[in-house]
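Visitor: Here is my input, please return the structure:
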Amino acid sequence: MRHTATMPTARTPPWKKPNPKGQKKQPLSDAQKAAARQRAEENGRRYPNLVDNMWAAKLPRG
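Guide: Numbering: from 1, shown residues only. Now for the predicted structure:
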């Protein structure tokens, strides 16, 4: 049996990372904004945070 060690990764939080280079900024669509708001509300937040917005940005536009 092969053992693969899963070490906890010390990942840098997104708010401490520099912005990606070479990518054009594109605002969230209305549907993505609504999804981010819904996710925030489901988690007891009054408005979406950076992580909610990053999650929504990965959703299809429209």
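Visitor: and K17, how far is that from A34?
Guide: 26 Å (Cβ to Cβ, to the nearest Å). Quick note: C-beta positions are derived from backbone N, CA and C, even for glycine.
Visitor: How about E41?
Guide: 10 Å.
Visitor: Contact partners for the residue nearest the centre of the chain?
Guide: With distances taken as Cα atoms, centre = their mean, M54 lies nearest the centre of the chain, 2.6 Å away. Shown in contact with M54 (Cβ atoms under 8 Å, 6 or more residues apart in numbering): P14.
Visitor: same question, L59
Guide: Counting by Cβ under 8 Å, 6+ apart, L59 has contacts A31, Q32, A35.
Visitor: from those residues, which ones fall inside helices?
Guide: A31, Q32, A35 (DSSP state H).
Visitor: buried subset of these?
Guide: Q32, A35 (16 or more other Cβ atoms under 10 Å).
Visitor: The closest residue in space to K33 that isn't next to it in sequence: neighbour count?
Guide: Of all residues not flanking K33 in the chain, A56 sits nearest, at 7.0 Å (Cβ to Cβ, 6 or more residues apart in numbering). Neighbours of A56 under the rule other Cβ atoms under 10 Å: 21.
Visitor: so what's A56 up against?
Guide: Residues counted as contacts of A56 (Cβ under 8 Å, 6+ apart) are L28, Q32, K33, A35, A36, R39, P48.
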